[in-house]
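compute the structure for the input listed below.
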Amino acid sequence: MKWIETKTILQLGLPSGIQMVVIYAGMTVILSLVNSLGESAVAGFGAAQRLDSIILLPAMALGTAVNAMAAQNIGAQKWGRVSQISKIGVIYNLAIMSAIAAVLFVCAEPLVKLFVRDQDSVSFGTSYLKTIACFYPFIGLNFILNGIVRGAGAMFQILVLNIISLWILRVPLAYWATSLYGDSGVALGIGLSFFISCLFSIAYYRWGGWKDKKLFS
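Next up, the predicted model:
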């Protein structure tokens, strides 16, 4: 294998690996915050997270599809198609995630009760899901826009965006909101971080230098 190919693999792979460390470390800190709120909060948060992992699958799938389609057209220098893929991906995301958010807002309590029965835990999980549901479209937008940027090979830039999202926004905002609003502040802080990080993703997509990224020189 030539050095240029090895270098490219490392440039793409290392930021991706570090990104997973950043994500799971951030989740651990958030869980530590929830632990400080008591057993009911932990149980309710756990139930909500199980549902969260299922609910986000459509957004993740759209992000993966957009990533593959964008990468092919970026390689062919067909920027008109890349723009079209972005627009369609955003429209699909907003439609699907808004519909899911509406259903979740209405059905949060019975869904949480699939996993826990303690009333305090159910109350925490229900409140968490109803709050976070309002921010699902912004989470989906992150998947779409970051998927496009990944297609250009800008993995380090995505790592930076994730560090901003988790360590500069999500963790501090979750602690700040919890200090002000108690248990309900966890979801509010996390949701606000999704919204603000979405703005960062939009800004980088519009004005960042990802279109100039060269994998092989």
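
what's the weakest-modelled helix or strand in the protein?
Ranked by mean pLDDT, DSSP states H and E, the weakest helix or strand in the chain is helix 3-35, scoring a mean of 86.

residues contacting residue 31?
Neighbour list for residue 31: residue 45 [criterion: C-beta atoms under 8 Å, 6 or more residues apart in numbering]. Heads up, the C-betas are built off the backbone N, CA and C, glycines and all.

roughly how far apart are it and residue 93?
Distance, residue 31 to residue 93, by C-beta to C-beta, to the nearest Å: 27 Å.

got any ranges where the chain has weak pLDDT?
Applying pLDDT under 70 to the chain picks out residues 1-3, 215-217.

50 instead, please
Along the chain, the model assigns pLDDT under 50 to no residue.

returning to that earlier point: give me the distance from the next helix-or-strand element following the least confident helix or strand of the chain to the chain's centre.
Using DSSP states H and E, the helix or strand that follows helix 3-35 towards the C-terminus is helix 39-55. Its chain's C-alpha centre and that of helix 39-55 lie 16 Å apart, by C-alpha atoms, centre = their mean, to the nearest Å.

so what touches the very next helix or strand once past helix 39-55?
Per DSSP H and E, the first helix or strand lying C-terminal to helix 39-55 is helix 57-75. Outside helix 57-75, the residues that touch it by C-beta under 8 Å, 6+ apart are 79, 81-82, 85-86, 89, 92-93, 96-97, 100, 136, 139-140, 143-144, 146-148, 150-152, 211.

how distant is the least confident helix or strand of the chain from the center of its chain?
For helix 3-35, the distance to the chain centre is 14 Å (C-alpha atoms, centre = their mean).

measure the most centrally placed residue in the chain to residue 63 for me?
Nearest to the geometric centre of the chain sits residue 139, at 4.8 Å (C-alpha atoms, centre = their mean). Distance, residue 139 to residue 63, by C-beta to C-beta: 10 Å.

which residues touch the nearest residue to residue 11 once chain neighbours are set aside?
Leaving out its chain neighbours, the residue that sits closest to residue 11 by C-beta to C-beta, 6 or more residues apart in numbering is residue 155, at 6.9 Å. By C-beta under 8 Å, 6+ apart, residue 155 lies in contact with 11, 12, 15, 16, 19.

can you select the buried ones from the contacts of helix 57-75 in PyMOL?
The buried residues among the contacts of helix 57-75 can be selected in PyMOL (16 or more other C-beta atoms under 10 Å) with this line:
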select buried, resi 82+85+86+89+92+93+96+97+100+136+139+140+143+144+146+147+148+150+151+152
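
related to what we said a few turns ago, select only the buried ones of the contacts of residue 155 in ChimeraX?
Only the buried members of the contacts of residue 155 end up in this ChimeraX selection, burial being decided by 16+ other C-beta under 10 Å:
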select :12,15,19
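
make JSON lines from the contacts of residue 155 and add distance to residue 43 to it.
Conversion of these to JSON lines gives the following (distance: C-beta to C-beta, whole Å):
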{"residue": "11", "distance to residue 43": "42"}
{"residue": "12", "distance to residue 43": "39"}
{"residue": "15", "distance to residue 43": "35"}
{"residue": "16", "distance to residue 43": "33"}
{"residue": "19", "distance to residue 43": "29"}
